[in-house]
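S.K.: give me a model of this one.
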Amino acid sequence: MKVKCYTLGCKVNQYETEEITELLLKNGYEITLQDSEAEIFVVNSCTVTAESDRKTRQLVRRLKRNFPKSTVVLTGCMPQAFPDAASALSAADIVIGNKSNVTLPQKLRAYFETKQRLFAVEQHKSGEPFLGAPITGFHERTRAILKIEDGCDRFCSYCIIPTARGRVRSKPIAEIEKEAQALSDAGYRELVLVGINLSAYGKDSGECFTDAVAAACAPSGVLRVRLGSLEPDHITDEVIEALSKLPKLCGQFHISLQSGCDRTLQRMHRHYTAAQYAALSEKLRTAFPDCTLTTDIMVGFAGETEEDFQETVAFAKQIGFEKIHVFPYSVREGTRAASFDGQIEKAVKERRAAELLAVAAELRAAFLQNQIGKTVEVLCEQKTENGLHFGYTANYTPVYFESDTAAPGALCRVTVIKTDGESVYGV
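M.R.: I've put the predicted structure just below:
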């Protein structure tokens with residue numbers, strides 16, 4: 001039978017869809033990219049916002065409406081966090097959750113034997129081990145995602161993820177080494193390490209985050225290792241020192257900020273101050289010359305005044321982020337912040353987001369302009385239709401360049417000659 005997979009949400013979900021794909025292939029299923037060929041649809045859902053849930057419901061219903069004879073599977077974070085809502089989504093024939101992804105082949109067999117709707121969401125429990133199966137490939141040609149951590153213990157006041165993902169669980173370093181080697185053997189030259197709270201790696205097991213990164217760097221075929229989103233209070237001086245000794249580690253750090261205002265950070269139940277974040281930024285730029293700092297910033301959180309927001313704008317300018325993901329606060333059922341006083345009107349949140357996005361665009365343009373004249377190392381990913389090659393630098397600058405010899409997977413030295421405001425161009 002042919003299966004089409006849909007992924008909503010983050011890189012962890014992308015990894016887990018690959019995990020599901022490889023499990024299904026091992027059990028005799030075929031994978032297709034065409035809806036018209038699929039007999040089974042797997043929807044790997046996100047639930048970070050109410051909008052994410054809406055998109056999941058819309059997709060599941062559309063698939064069942066357009067292909068009524070197909071079998072629709074709903075998994076991922078939405079049923080894990082909100083099992084009652086998932087159960088009510090009758091267009092899904094099989095409903096599990098991210099905890100049970102590895103059981104999908106068995107669930108499909110059970111469903112086809114009975115032809116009865118199957119609902120089997122198993123809740124996360126404290127102390128459970130890291131679950132999942134290693135992957136051997138990815139849909140990109142030169143870069144693969146490698147999940148090394150799951151779960152979160154932070155309980156930020158706005159966030160449903162601890163409910164959707166459970167507590168911190170870490171993949172053993174020996175398994176990271178083995179999976180990294182398998183991906184290297186398959187031809188992947190860059191590994192992106194991801195987790196729900198990546199820098200909390202080892203909290204449950206006693207193993208060390210920096211040792212896990214070193215394990216991913218170990219295969220000779222791996223040329224680069226890149227880190228997913230990190231929490232600022234986890235990045236200690238000792239962590240910075242250890243990471244700086246790994247030559248394959250890319251100098252790109254996505255450090256979640258959320259707000260540059262201490263009053264807002266406290267209401268969000270974040271674990272640092274703006275001053276501590278600024279000090280960390282300075283340390284990273286000292287330890288990793290030419291690194292980029294990128295971040296997430298939420299605007300319009302409950303109780304955020306105009307003065308609070310302007311503090312965040314000023315802080316973003318102070319740090320000089322190379323890229324900012326800006327998003328308005330979304331009230332999330334099941335979180336403490338949903339009941340907070342001082343909820344902000346949608347129009348105000350949208351205005352603040354637009355203002356901060358304009359600042360982010362200015363910072364991004366200035367960064368790209370500053371790359372002109374530099375000679376950088378680019379991992380070639382593909383040749384484009386217009387004859388240029390494309391790839392990223394270690395600090396994740398997108399580069400289009402001319403070359404007679406470049407090939408996917410090769411490291412190329414490129415001199416940057418111009419920018420269009422989104423990427424740079426060179427030879």
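S.K.: quick one: the helices in the stretch 51-200 of the chain?
M.R.: With DSSP state H, counting those that start in this stretch as the criterion, the stretch 51-200 of the chain has helices at 77-81, 83-87, 104-114, 161-165, 173-185.
S.K.: any idea how far the last one is from the chain center?
M.R.: This points to helix 173-185. Centroid separation for helix 173-185 versus its chain: 20 Å, with C-alpha atoms, centre = their mean, to the nearest Å.
S.K.: thinking again about what came up before, mind checking which of the helices of the stretch 51-200 of the chain is nearest N197?
M.R.: When those are compared by C-beta to C-beta, helix 161-165 sits nearest N197, at 8.4 Å. In this view, the C-beta of every residue, glycine as well, is placed from N, C-alpha and C.
S.K.: counting contacts, what elements does the closest one pack onto?
M.R.: The criterion is 3 or more C-beta pairs under 8 Å, 6 or more residues apart in numbering; DSSP states H and E, and the helices and strands that helix 161-165 contacts are helix 77-81.
S.K.: follow-up on the earlier one: export the helices of the stretch 51-200 of the chain to a markdown table and tack on mean neighbour count and mean pLDDT?
M.R.: Listed next are these as a markdown table, based on neighbours: other C-beta atoms under 10 Å; pLDDT from 0 to 100:
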| stretch | mean neighbour count | mean pLDDT |
| --- | --- | --- |
| helix 77-81 | 28 | 98 |
| helix 83-87 | 16 | 97 |
| helix 104-114 | 15 | 97 |
| helix 161-165 | 22 | 96 |
| helix 173-185 | 18 | 98 |
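S.K.: V359: which of those is closest?
M.R.: Minimum separation from V359 across the helices of the stretch 51-200 of the chain (C-beta to C-beta) falls at helix 161-165, 27.1 Å.
S.K.: where's that closest one relative to the chain centroid, distance-wise?
M.R.: With C-alpha atoms, centre = their mean, you get 15 Å for helix 161-165.
S.K.: do I have it right that F390 meets P398?
M.R.: Yes - judged on C-beta atoms under 8 Å, F390 makes contact with P398 at a distance of 7.3 Å.
S.K.: ok so, going back, let's have the helices of the stretch 51-200 of the chain in CSV, adding distance to L246.
M.R.: Formatted as CSV, these follow (distance: least, C-beta to C-beta, whole Å):
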stretch, distance to L246
helix 77-81, 31
helix 83-87, 41
helix 104-114, 36
helix 161-165, 27
helix 173-185, 13
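S.K.: where does the prediction get shaky in the stretch 1-150 of the chain?
M.R.: Along the stretch 1-150 of the chain, segments meeting pLDDT under 70 are nowhere present.
S.K.: so how far is E322 from D290?
M.R.: 11 Å (C-beta to C-beta, to the nearest Å).
S.K.: for F41, same thing?
M.R.: 38 Å.
S.K.: ditto for G373
M.R.: From G373 over to E322 (counting by C-beta to C-beta), the distance is 17 Å.
S.K.: more neighbours, the two?
M.R.: E322 (22 against 9; other C-beta atoms under 10 Å).
S.K.: wait, T294 touches Q252, no?
M.R.: Yes - between T294 and Q252 there is a contact at 7.0 Å, judged by C-beta under 8 Å.
S.K.: between those two, which contacts overlap?
M.R.: Contact criterion C-beta atoms under 8 Å, 6 or more residues apart in numbering; residues shared by T294 and Q252: Y396.
S.K.: and the strand or helix carrying V399, how far from the chain's centre?
M.R.: Element membership of V399, judged by DSSP states H and E, is strand 398-401. Distance, stretch centre to chain centre, for strand 398-401: 23 Å (C-alpha atoms, centre = their mean).
S.K.: please apply the same query to stretch 72-80.
M.R.: On C-alpha atoms, centre = their mean, the centre of stretch 72-80 falls 18 Å from that of its chain.
S.K.: same deal with stretch 366-385?
M.R.: On C-alpha atoms, centre = their mean, the centre of stretch 366-385 falls 23 Å from the chain's centre.
S.K.: can you give me the end-to-end distance of it?
M.R.: For stretch 366-385, the first and last residues are 28 Å from each other (C-alpha to C-alpha, to the nearest Å).
S.K.: sorry, back to before: need the overlap of contacts for D290 and E322.
M.R.: N395.
S.K.: in stretch 198-209, what's buried?
M.R.: 198-205, 207-209 (16 or more other C-beta atoms under 10 Å).
S.K.: among those, which are in helices?
M.R.: With helices taken from DSSP state H, the overlap with the buried residues of stretch 198-209 comprises F209.
S.K.: quick check, nearest of the buried residues of stretch 198-209 to K418?
M.R.: When those are compared against K418 (criterion: C-beta to C-beta), the nearest one is L198, at 34.7 Å.
S.K.: just checking, the closest one touches L227?
M.R.: Yes - when contacts are counted by C-beta under 8 Å, L198 is listed as touching L227 (6.7 Å).
S.K.: coming back round to it: pick the one among the buried residues of stretch 198-209 closest to T273.
M.R.: S199 (17.7 Å).
S.K.: excluding its backbone neighbours, what's nearest the closest one?
M.R.: Nearest residue to S199 in three dimensions, chain neighbours excluded: H234, at 3.7 Å (C-beta to C-beta, 6 or more residues apart in numbering).
S.K.: now do the phi/psi pair for that neighbour.
M.R.: phi -90, psi -20 (degrees, to the nearest 10).
S.K.: let me see the contact set for it.
M.R.: For H234, the contact set (C-beta under 8 Å, 6+ apart) comprises 199-200, 209.
S.K.: export these to CSV and tack on distance to V416 and pLDDT?
M.R.: What follows is the contacts of H234, written out as CSV (distance: C-beta to C-beta, whole Å; pLDDT from 0 to 100):
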residue, distance to V416, pLDDT
S199, 31, 97
A200, 36, 98
F209, 33, 98
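S.K.: please tabulate those residues in CSV, including the columns distance to E385.
M.R.: Compiled in CSV, the contacts of H234 are given as follows (distance: C-beta to C-beta, whole Å):
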residue, distance to E385
S199, 39
A200, 42
F209, 41
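S.K.: so in that sheet, which strands flank the helix or strand hosting H325, and in what orientation?
M.R.: Using DSSP H and E, H325 maps to strand 323-328. Strand 323-328 pairs in its sheet with strand 292-299 (parallel), by DSSP bridges.
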